[in-house]
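>>> Give me a 3D structure for the following:
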Amino acid sequence: MITVTPLALKSLESEPRDLAVFVYEDAGLAGAKILPNAAKVALNAKLHEEGFKSGPKEIARVDLDILGKHRRVFAVGLGKKKAATSETFRRSAGALVGAIRSKRDKLAVLCSENPAAVAEGLILASYKYEEYKKGDADALQTASIVIQDAASRAAIEKACAKAATYASAVCFARDLVNRAPSDKTPQSLADLATTLKGSGVSVEVIDKAEMTKLGMGGLLGVARGSHEPPVMVHMIYKPKAPTKKRVAIVGKGVTFDSGGLSLKPAASMEEMKCDMAGAASVLAVFKVIAELKPKSEVHGIFAATYNLTGPDAYKPGDVLTAMNGKTIEVWNTDAEGRLILADALSLAAKQEPQAIVDLATLTGAVVIALGSKVAGIMGNDTKLIGSLKAAGKRADENFCELPLVEDYKENIKGNIAELLNISKARGEAGSIIGGLFLQEFVDGKPWVHLDIAGTAFTSGESATYAPKGATGSPVRTLLEWLGGSEMTRIKSVAPRTGAEPDIARIEAHYRDILKDIGEDPEREGLLKTPHRVAKALRELTSGYRVDIDAMINKALFTESYNEMVLVRDISFYSMCEHHMLPFFGRAHVAYIPNKKIVGLSKIPKLVEVFARRLQVQERLTGQIADVLAEKLKPRGVAVVVEARHMCMEMRGAESHHSPTTTSCMLGVFQKDARTRKEFLDLIKARPV
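Modelled structure (predicted):
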């Protein structure tokens with residue numbers, strides 16, 4: 001790629017460097033105020049002789065004595081001034097590079113209008129992907145934007161620096177996407193991420209073993225068809241100045257997508273090396289983030305895997321459990337991107353950001369709807385959507401908002417699991433369905449989804465500065481958003497409190513519970529639970545400002561209690577396929593092993609076990625009930641609160657409670673009066 005730098009006018013006047021100017025069809029030269037009128041008249045006369053009409057991207061060359069030397073002058077058309085935008089300048093600059101790249105080694109550009117767009121167009125148009133095949137060497141090495149006076153110096157210097165940063169990131173993403181799929185294994189992307197450490201950036205690579213502990217069933221499921229293990233990469237940028245603002249960008253990284261057992265047609269696979277463009281964009285942002293210096297803490301997360309047809313490939317009909325505990329019924333293995341993003345978004349939500357932006361080559365439907373020039377955008381926060389669209393407008397990357405239609409949620413309700421990975425209504429609203437699916441994994445955090453399936457890769461030249469292949473979109477939008485005024489409007493988050501959960505103590509506690517209810521703690525799979533519990537404990541502090549360390553002690557390791565929660569509804573935050581397990585989230589929930597629910601025969605014993613171990617602060621009781629009621633209402637689940645000092649009845653020990661304490665039993669049931677009555681009667685009839 002060429003280098004674009006500022007150039008002092010005196011330096012230009014001392015050497016016979018070729019000169020480029022930009023010309024409006026109806027308003028003459030653009031941003032060339034330093035030229036004397038005589039030079040403008042002479043230039044216009046020469047261009048008229050050449051039949052130059054100043055149409056967009058039109059180029060003419062004339063020889064002229066100008067700025068102290070006899071020079072070759074390249075005039076670049078912009079079209080009518082009223083219609084010209086920064087993108088017009090960018091594309092015209094790209095056309096200029098295409099015309100002279102093999103002929104000239106240096107070029108001076110005389111244009112103080114839109115200098116950043118001009119500089120970006122010059123650099124991006126000079127990009128070539130030559131990892132496997134070398135083309136003809138370009139003569140053009142340097143282009144310089146002339147500083148015409150002291151007033152324009154700062155703007156041009158800033159424009160050149162910004163263009164260099166943005167173009168470096170875009171071309172980095174292009175290189176990754178263009179690379180052959182066998183040469184960009186998931187591990188190679190992780191290795192690349194580790195090279196970005198330093199200057200405020202830390203990197204964690206989550207391998208297959210750790211994914212298993214964390215319950216990342218979506219990513220693990222998709223990866224089963226390949227011998228190459230998947231990775232989840234978590235990069236964090238922290239600015240030098242302390243900040244309470246935190247955002248996350250999340251990318252899809254399917255390094256080649258065959259469609260899995262729902263195999264794509266051969267022609268549809270030809271460009272599927274581009275299915276990791278979202279992950280490439282996240283990496284590109286972090287390549288230059290230290291130069292960008294955003295004022296917020298930025299988390300960059302991507303999931304990477306192949307989607308292939310190996311002997312253990314996941315199958316239509318399989319059920320996967322995502323990191324947040326939601327179960328997904330797979331109807332089509334070619335809708336794999338949303339499955340790996342389910343875990344990546346769950347991980348992002350755990351960081352408690354004020355904004356999550358995911359980007360993915362998610363659906364072919366968005367290409368049908370919007371084509372190759374416009375990406376889809378949707379989300380749950382109108383202000384966040386607006387801020388991304390505003391950043392896109394500054395970067396001249398186009399986004400069209402699609403609605404997340406609530407009625408369509410019915411189409412992704414599973415038959416044997418909570419969610420389907422495709423819609424029951426085939427061929428309808430595919431991009432919106434993808435967005436509705438992803439929304440299930442952001443934990444209510446402000447979130448925007450960018451569907452870049454049409455804009456990330458092109459089979460032909462999409463613009464004069466974007467050759468065939470990877471475009472690098474939407475890297476410039478992300479950089480504009482992170483470095484722009486939108487970040488100042490991100491609300492701060494309260495500092496995290498307390499210590500990390502002690503997994504060893506939780507595991508010991510859980511072993512005791514299993515023994516108390518007659519389960520074998522050593523049975524395969526049961527002891528994965530404490531790790532899930534440890535992760536989930538943090539959710540309890542969200543919105544309640546509770547010290548996590550104190551809450552762990554009260555919840556797990558004390559003999560007193562104020563409230564106990566038992567859950568009858570199996571589908572609510574189930575933590576693994578076969579068992580309902582202890583979980584601490586927005587509501588304090590004691591899960592019961594699945595088979596023990598039948599007949600409720602173990603309820604009295606479970607009451608005794610959990611009454612000894614659970615304590616929730618009394619002031620949260622009403623809030624918990626409200627949260628549960630709101631979350632479970634759409635699932636046809638009722639929330640019942642019995643405030644009859646039941647705990648005292650069961651324990652038969654009023655001396656354990658202060659006279660001012662109001663204890664509650666909160667039960668969550670399917671809408672079945674018989675079940676509710678059976679539960680309450682059983683508890684009352686057999687106090688512990």
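
>>> Which elements pack onto whichever helix or strand residue 343 is part of?
In the assignment (DSSP states H and E), residue 343 maps to helix 337-350. Counting contacts by 3 or more Cβ pairs under 8 Å, 6 or more residues apart in numbering; DSSP states H and E, helix 337-350 packs against helix 217-223, strand 231-237, strand 246-257, strand 297-307, strand 355-360, helix 430-439. The C-beta positions use only the backbone N, C-alpha and C, and glycine is treated the same way.

>>> Which of these sits closest to residue 314?
Nearest to residue 314, of all the helices and strands packed on helix 337-350, is helix 217-223, at 4.5 Å by Cβ to Cβ.

>>> how far does that closest one sit from the chain's center?
18 Å (Cα atoms, centre = their mean, to the nearest Å).

>>> Report all helices and strands that it contacts.
Partner elements for helix 217-223 (3+ Cβ pairs under 8 Å, 6+ apart): helix 208-214, strand 297-307, strand 319-321, helix 337-350.

>>> Including distance to residue 222, could those go into JSON lines?
Output for these, formatted as JSON lines (distance: least, Cβ to Cβ, whole Å):
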{"stretch": "helix 208-214", "distance to residue 222": "11"}
{"stretch": "strand 297-307", "distance to residue 222": "5"}
{"stretch": "strand 319-321", "distance to residue 222": "8"}
{"stretch": "helix 337-350", "distance to residue 222": "5"}
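
>>> Ok, which of the helices and strands packed on helix 337-350 comes nearest residue 61?
strand 355-360 (40.8 Å).

>>> average pLDDT for the closest one?
Taken as a whole, strand 355-360 has a mean pLDDT of 98.

>>> Can you give me the buried ones in the first helix or strand past it going along the chain?
Remark: after strand 355-360, the chain's next helix or strand is helix 364-370, criterion DSSP H and E. Neighbour counts over helix 364-370 (16 or more other Cβ atoms under 10 Å) mark 365-367, 369-370 as buried.

>>> cool, stretch 50-65 as well?
52, 54, 56-62, 64.

>>> hmm, which two among the residues you listed are most spread apart?
For these, the farthest-apart pair by Cβ to Cβ is 56 and 64; their separation is 23.1 Å.

>>> What strand or helix carries residue 96?
With DSSP H and E as criterion, residue 96 is part of helix 86-100.

>>> what distance separates that helix from the middle of the whole chain?
Centroid separation for helix 86-100 versus its chain: 31 Å, with Cα atoms, centre = their mean.

>>> And stretch 393-409, by the same measure?
15 Å.

>>> What of stretch 197-211?
16 Å.

>>> Please apply the same query to stretch 234-249.
Taking Cα atoms, centre = their mean, the mean C-alpha location of stretch 234-249 is offset from the chain mean by 15 Å.

>>> Check stretch 197-214 too.
With Cα atoms, centre = their mean, you get 16 Å for stretch 197-214.

>>> Just the residues contacting that stretch, thanks.
Stretch 197-214 has contacts (Cβ atoms under 8 Å, 6 or more residues apart in numbering) with 190, 193-194, 196, 216, 219-220, 223, 229-240, 286, 289-290, 323, 343, 347, 528, 531-532, 535.

>>> same deal with stretch 326-335?
218, 221-222, 257, 259-264, 307, 313-322, 339, 342, 414-422, 434, 440-441, 571, 573-574, 577.

>>> Narrow those residues to those that are buried.
For the contacts of stretch 326-335, a burial check counting by 16+ other Cβ under 10 Å picks out 218, 221-222, 257, 259-262, 307, 313-314, 318-322, 339, 342, 414, 417-422, 434, 440-441, 571, 573-574.

>>> For the closest residue to residue 33 other than its chain neighbours, grab the count of nearby residues.
Ranked by Cβ to Cβ, 6 or more residues apart in numbering and with sequence neighbours excluded, the top spatial neighbour of residue 33 is residue 148, at 6.3 Å. Residue 148 has 20 neighbouring residues, counting by other Cβ atoms under 10 Å.

>>> re earlier: state the mean pLDDT of the helix holding residue 343.
pLDDT averaged over helix 337-350 gives 97.

>>> just the angle between that helix and strand 231-237, please?
For helix 337-350 against strand 231-237, the angle by axes from the mean of the first three to the mean of the last three Cα atoms, to 10 degrees is 40 degrees.

>>> Output helix 337-350 as CSV - backbone C-alpha positions only.
The C-alpha trace of helix 337-350 is given here as CSV (Å, rounded to 0.1, in the frame of the first residue of the first chain):
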residue,chain,number,x,y,z
GLY,A,337,-23.2,-18.6,12.9
ARG,A,338,-26.0,-17.8,15.4
LEU,A,339,-25.0,-20.9,17.4
ILE,A,340,-21.4,-19.8,17.9
LEU,A,341,-22.5,-16.2,18.5
ALA,A,342,-24.9,-17.4,21.2
ASP,A,343,-21.9,-18.3,23.3
ALA,A,344,-19.9,-15.2,22.3
LEU,A,345,-22.7,-12.9,23.1
SER,A,346,-23.3,-14.7,26.4
LEU,A,347,-19.7,-14.1,27.3
ALA,A,348,-20.0,-10.5,26.3
ALA,A,349,-23.0,-10.0,28.4
LYS,A,350,-21.1,-11.4,31.4
